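# Dropping the sequence and predicted coords here.
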Amino acid sequence: MLNLLLINASILISIMYLASHFFREQKIDSKSTIKTKAIIGLLFGLTACLLMFNRIDLSENMIMDFRLIALIVSTFYCGTVSSFITAFIIGIFRLVYFGINDASLTAILNLTVVFIFCNVISSTSALPLKKKYIYMSAVNIISSAISIILLVKEPHLTFKILCEYIFSSLIVSVIIYFVLTYVRNTNELYLKLKQDSSIDFLTGLYNLREFDRLLNNAAAAVVKKSESLSLLMLDLDYFKKVNDTFGHTSGDMVLKQFSEILVNTCRSFDIISRNGGEEFTVILLGCNYEQALNIAENIRKNVEDYFFFIENNIKIKITVSIGVSSYPDKTDNPNLLLKKADEALYIAKNQGRNRIE
Ligand code: GH3
Ligand code: MG
Ligand code: MG
């Protein structure tokens, strides 16, 4: 019994770690894509089959394992779609591999009951995750215990098997719950840290670190593909005055609205970043000097025409200066795009601001 317990728990834990590693870049939950749900369903269906290979043979046809815990994990992760696939695989495998008899038909009935109840519990949005898991495990243990009572005819044997089954199910369910929450929390933390390390918290644009990485990638790619690459460097004019006159919160509101103008004016695949303070960059992929100037002019004009609303329902005007650099039109070295755009911006500021250089 202890052997079975260890082997079944180890298989489940290993597969859960594998799944968490495989799906690290996305959240696994009821909002996942159908493809993700199908893979999770398949994975835990096959896991359940593996658990059935590591079963305890109670009699000629009766077997005991923790396949329904694999079903609970699948349901807990992604809801009905993955749950159905896992349940389907378990049902088919139980009938085909072990044959059709009283024990396998009772097992299918038990599977159906657990599947239905687990899905009702899983779709009850008011329940916290912990309670969902507890209720699902309770349904599994009670329903499986009833199956054992129905199938084992000798009372003293029934009692012994029931005790062993309930005890081991409880232990495995608790272990799996801790692994499940640990894996879920670790993945969520990983996604959050990944996002925080590349996204500017105020505007939602890329931050300086991500800009650096993406510009280096783009610079390396254009040489190989002999394509154009342009860079805009933008700096709001006299922005310090906004902070000094209206306060930092108003300054932040301006930065947010400015970033919205950038997103709405640039093309969907342009890479827009806030590199710090009121300095922004736009990497224009496959864009030559003429096209870059056009986009820069559109931005300058849209900012000039816009009324920025700040605290106390005040509306103010702001302008932006833009430095443009372009490969291969203005420099034959894409690694110099940043330096050239910076120099151009410096000139734009010195020439009076609200202009493109
Ligand atoms: P210029 O036309 O020469 O660019 O003048 P400027 O006032 O825009 O430039 P300066 O570099 O002197 O001032 C930038 C100001 O941006 C200084 C700082 O208070 C403000 N700032 C930097 N980061 C933030 C931020 O996250 N939020 C707000 N509200 N202000 C910021
Ligand atoms: Mg400025
Ligand atoms: Mg500045």
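The structure has been received and is ready for your questions. Numbering: from 1, shown residues only. Ligands and ions are numbered 1, 2, ... in the order given.
# Tell me the bridge partners for whichever residue of the stretch 151-300 of the chain sits closest to ligand 3.
With CB to the ion, the shortest gap between the stretch 151-300 of the chain and ligand 3 falls at residue 235, namely 4.5 Å. C-betas here are computed from N, CA, C, even on glycine. Note on residue 235: beta-bridge partners residue 279, residue 321, judged by DSSP bridges.
# which element follows the host helix or strand of residue 162 toward the C-terminus?
According to DSSP states H and E, residue 162 maps onto helix 155-198. Next along the chain after helix 155-198, taking DSSP H and E as the criterion, comes helix 208-225.
# Next, the angle helix 155-198 makes with that next one.
Relative orientation of helix 208-225 versus helix 155-198 (axes from the mean of the first three to the mean of the last three CA atoms, to 10 degrees): 80 degrees.
# Could I get the buried residue list for helix 208-225?
Using 16 or more other CB atoms under 10 Å as the test for burial, helix 208-225 gives 210, 211, 214, 215, 218, 219, 222.
# How about whichever residue of the chain sits closest to ligand 1: what's its closest non-neighbour residue?
Residue nearest to ligand 1 within the chain: residue 251 (2.5 Å; CB to the nearest ligand atom). Distances taken as CB to CB, 6 or more residues apart in numbering put residue 243 closest to residue 251, at 4.2 Å, once the chain neighbours are dropped.
# That neighbour - how many residues pack around it?
Look at residue 243: counted by other CB atoms under 10 Å, it has 15 neighbours.
# Same question for residue 323.
24.
# A helix includes it, no?
No: according to DSSP: H, G, I helix; E, B strand; the rest coil, residue 323 belongs to no helix; its state is strand.
# And the pLDDT for it?
Per-residue pLDDT puts residue 323 at 98.
# again with residue 59
73.
# Can you tell me the SS state at it?
Judged by three-state DSSP, the three-state class of residue 59 is coil.
# quick one: contacts for it?
With contact set as CB atoms under 8 Å, 6 or more residues apart in numbering, residue 59 has these partners: 103, 152.
# do the same with residue 202
Going by CB under 8 Å, 6+ apart, residue 202 touches 252, 255, 256, 274.
# Now that we have the residues you listed, which of them are buried?
Buried by 16+ other CB under 10 Å: 252, 255, 274, out of those.
# Which ones among these lie within strands?
Using DSSP state E, the subset of the buried ones among the contacts of residue 202 located in strands is residue 274.
# Quick check: of the buried ones among the contacts of residue 202, which lies closest to ligand 2?
Of all the buried ones among the contacts of residue 202, residue 255 has the smallest distance to ligand 2: 11.0 Å, by CB to the ion.
# Test my guess that the closest one contacts residue 278.
Yes: applying CB atoms under 8 Å, one finds residue 255 in contact with residue 278, separated by 6.4 Å.
# Overlap of the contact sets of these two?
Common neighbours of residue 255 and residue 278 (CB under 8 Å, 6+ apart) are residue 236.
# so the residue nearest to residue 251, which of the three states?
What three-state DSSP gives for residue 243 is helix.
# got a pLDDT number for it?
Residue 243 carries a pLDDT value of 96.
# and what of the one 5 residues further on?
Turning to residue 248, the model gives it a pLDDT of 96.
# how far off helix 155-198 does the helix or strand hosting residue 136 point, in degrees?
Secondary structure from DSSP H and E places residue 136 in helix 129-151. Put simply, helix 129-151 runs at 160 degrees to helix 155-198, going by the same axes, to 10 degrees.
# in the stretch 251-357 of the chain, which spans are strands?
Under the criterion DSSP state E, counting those that start in this stretch, the stretch 251-357 of the chain contains strands at 271-276, 279-285, 308-310, 314-316, 320-327.
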